[in-house]
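Asks: Just need the structure, nothing else, for what follows:
(2 chains)
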Number of protein chains: 2
Amino acid sequence: MKNVAIPPAVTRLIETFSELPGIGPKTASRLTFYHLRGKSELALSLAKELQNLVEKTRFCSICYNVTEEDPCPICSDESRDKKVLCVVAEPLDLLALERTEQYTGSYHVLHGALAPLEGIFAEDLRIKELEARLRKGGVEEVILATNPTSEGDYTAAYLLTRLKPLGVRITRLGRGLPMGGDLEYADAVTLTRALEARQEL
Amino acid sequence: MKNVAIPPAVTRLIETFSELPGIGPKTASRLTFYHLRGKSELALSLAKELQNLVEKTRFCSICYNVTEEDPCPICSDESRDKKVLCVVAEPLDLLALERTEQYTGSYHVLHGALAPLEGIFAEDLRIKELEARLRKGGVEEVILATNPTSEGDYTAAYLLTRLKPLGVRITRLGRGLPMGGDLEYADAVTLTRALEARQEL
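Replies: Now for the predicted structure:
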């Protein structure tokens, strides 16, 4: 895209947009040129909100969820059950669980899943912090809510061996057919897990 | 996404990202949470480049392309042919033509195409400015390089009737089969245009 017709300020914004995940050069230039069509308020408010995000948010020192106040609203909520701890990989997973409005316990955000081939090891996740929380006592059950993927399962298996000695009950989310799913199109692994997890009626 | 688990700074950035074209709420939250995983430099540089874009770029007062200097590098380039004017809808179209490295004339950017149903009328485009340029004299040919779509064709037809009285030669880009295309999959309109534009060998 080196071209006399395109000013440096435009090229640089295209390049910066391209660094975002899932944004290729075509989308990046579409996003950039969109701002050039008299949408400067949106460009400026996006700039402001990005700065705001960096300045105002941090990780909760207890559960490592993203928060503006430390401890986060969930950790400082007296009505949440501190005896149950749900371990998730990302803040978005925590959000998904909150949307169920069924879970009333606490959380622990690992900030990733183990992926040794991609260079993500145990020390890159908030596992030490999780151990420290459990050692402090008061937690009776840890729900491993990692993703139902090979990386998520590997992370859960690793956490199981590492947390077992601490003498706390460890569970994981149930496996089976998703709601609205179609048996015909269910993959073999999901069906196997659903068979294994079959329930008496 | 109203949720105690998600701080306002995060919600607002998600909402702002969602206003960008082609970015839905899922992508917006993925983009936002990406910045929360220790990528604050990228968030800040994106903020900086957005501000920079708004502050530094403007439209060239001659051709209305996006530029940092006025007139833009193409308009102030003595070696470009000022007798030929290529009319495009968007700066990205101009860039596409520049990439051919075959066109040595000047440009005029309309900033849109006529779409009365969407409320885009002639007065919303830089058509008055185009007329003024032609009235000044010196231009011998106007190439209408609007998109080969119904809106682009409509815009070209409108420009033809409006510019014809100015006594300048008006052409448009050739129509036919694109390079690398497959006759079997070519749509009927493209094939019709290709037949009409068939050339003696």
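Asks: In chain A, what residue spans correspond to strands?
Replies: With strands called from DSSP state E, chain A shows them at A:58-59, A:66-67, A:81-88, A:105-109, A:141-144, A:169-172.
Asks: Figure out which of these is closest to residue A:128.
Replies: Across the strands of chain A, residue A:128 has its closest neighbour in strand A:105-109 (11.5 Å, Cβ to Cβ). Where you see a C-beta, it was placed from the backbone N, CA and C, and this is true even at glycine.
Asks: Could you pull up the mean pLDDT of that closest one?
Replies: Strand A:105-109 shows a mean pLDDT of 95.
Asks: Repeat that for stretch A:170-185.
Replies: On average, stretch A:170-185 scores 84.
Asks: So for it, what gets flagged as buried?
Replies: residue A:172 (16 or more other Cβ atoms under 10 Å in any protein chain shown).
Asks: can you check stretch A:181-197 too?
Replies: Of the residues in stretch A:181-197, those buried (16+ other Cβ under 10 Å) are A:186, A:190, A:193, A:194.
Asks: can you tell me which two in the residues you listed are farthest apart?
Replies: Going by Cβ to Cβ, the pair spanning the buried residues of stretch A:181-197 furthest: A:186 and A:193, at 9.9 Å.
Asks: contacting residues around residue A:171?
Replies: The contact partners of residue A:171, taken as Cβ atoms under 8 Å, 6 or more residues apart in numbering or on different chains, are A:141, A:142, A:143, A:144.
Asks: most neighbours, which of these?
Replies: The most crowded member of these, judged by other Cβ atoms under 10 Å in any protein chain shown, is residue A:142 (24 neighbours).
Asks: Is that one in contact with residue A:88, as I believe?
Replies: No - using Cβ atoms under 8 Å, residue A:142 makes no contact with residue A:88, being 11.5 Å away.
Asks: so where's chain A shaky on pLDDT?
Replies: Flagging of chain A using pLDDT under 70 yields the residue ranges A:1-4, A:38-39.
Asks: and it, what are its domains?
Replies: Chain A breaks down by automatic domain parsing into domains covering A:8-51, A:79-200.
Asks: Deepest in the core, which of those is it.
Replies: Mean neighbour count, computed with mean count of other Cβ atoms under 10 Å in any protein chain shown, is highest for domain A:8-51 among the domains of chain A, reaching a mean of 18.
Asks: quick check, it touching chain B?
Replies: Yes - for domain A:8-51, a contact with chain B is found by Cβ under 8 Å from any Cβ of the partner chain, at A:8-10, A:12-13, A:16-17, A:19-23, A:27, A:29-37, A:40, A:42-51.
Asks: how long is that domain end to end?
Replies: 22 Å (Cα to Cα, to the nearest Å).
Asks: and it, how far out from the chain's middle?
Replies: 25 Å (Cα atoms, centre = their mean, to the nearest Å).
Asks: Next: stretch A:119-131.
Replies: With Cα atoms, centre = their mean, you get 14 Å for stretch A:119-131.
Asks: for the buried residues of stretch A:181-197, which one is nearest chain B?
Replies: residue A:190 (22.1 Å; Cβ to the nearest Cβ).
Asks: How about the contacts made by that closest one?
Replies: A:175, A:176, A:177, A:178, A:181.
Asks: If we ignore the residues flanking it in sequence, what's nearest the second one?
Replies: What that stands for is residue A:176. Of all residues beyond its chain neighbours, the one nearest residue A:176 is residue A:194 (4.0 Å), with distances taken as Cβ to Cβ, 6 or more residues apart in numbering or on different chains.
Asks: Am I right that the one you found is in contact with residue A:181?
Replies: No - applying Cβ under 8 Å as the test, residue A:194 and residue A:181 come out as separate, 9.5 Å apart.
Asks: Can stretch A:134-147 be said to contact chain B?
Replies: No - Stretch A:134-147 is not in contact with chain B by Cβ under 8 Å from any Cβ; minimum separation 13.8 Å.
Asks: As PDB, could you dump the C-alpha coordinates of that stretch?
Replies: Extracted in PDB, the C-alpha atoms of stretch A:134-147 (Å, rounded to 0.1, in the frame of the first residue of the first chain):
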ATOM      1  CA  LEU A 134      -7.200 -22.100  48.000                       C
ATOM      2  CA  ARG A 135      -4.400 -22.300  50.600                       C
ATOM      3  CA  LYS A 136      -5.900 -19.400  52.400                       C
ATOM      4  CA  GLY A 137      -8.900 -21.600  53.100                       C
ATOM      5  CA  GLY A 138     -12.700 -21.100  52.900                       C
ATOM      6  CA  VAL A 139     -13.100 -22.500  49.400                       C
ATOM      7  CA  GLU A 140     -14.900 -25.900  49.300                       C
ATOM      8  CA  GLU A 141     -15.400 -26.500  45.600                       C
ATOM      9  CA  VAL A 142     -13.500 -25.500  42.500                       C
ATOM     10  CA  ILE A 143     -15.400 -25.700  39.300                       C
ATOM     11  CA  LEU A 144     -13.000 -26.100  36.300                       C
ATOM     12  CA  ALA A 145     -14.900 -24.200  33.600                       C
ATOM     13  CA  THR A 146     -12.200 -24.200  30.900                       C
ATOM     14  CA  ASN A 147     -13.300 -24.500  27.300                       C
END
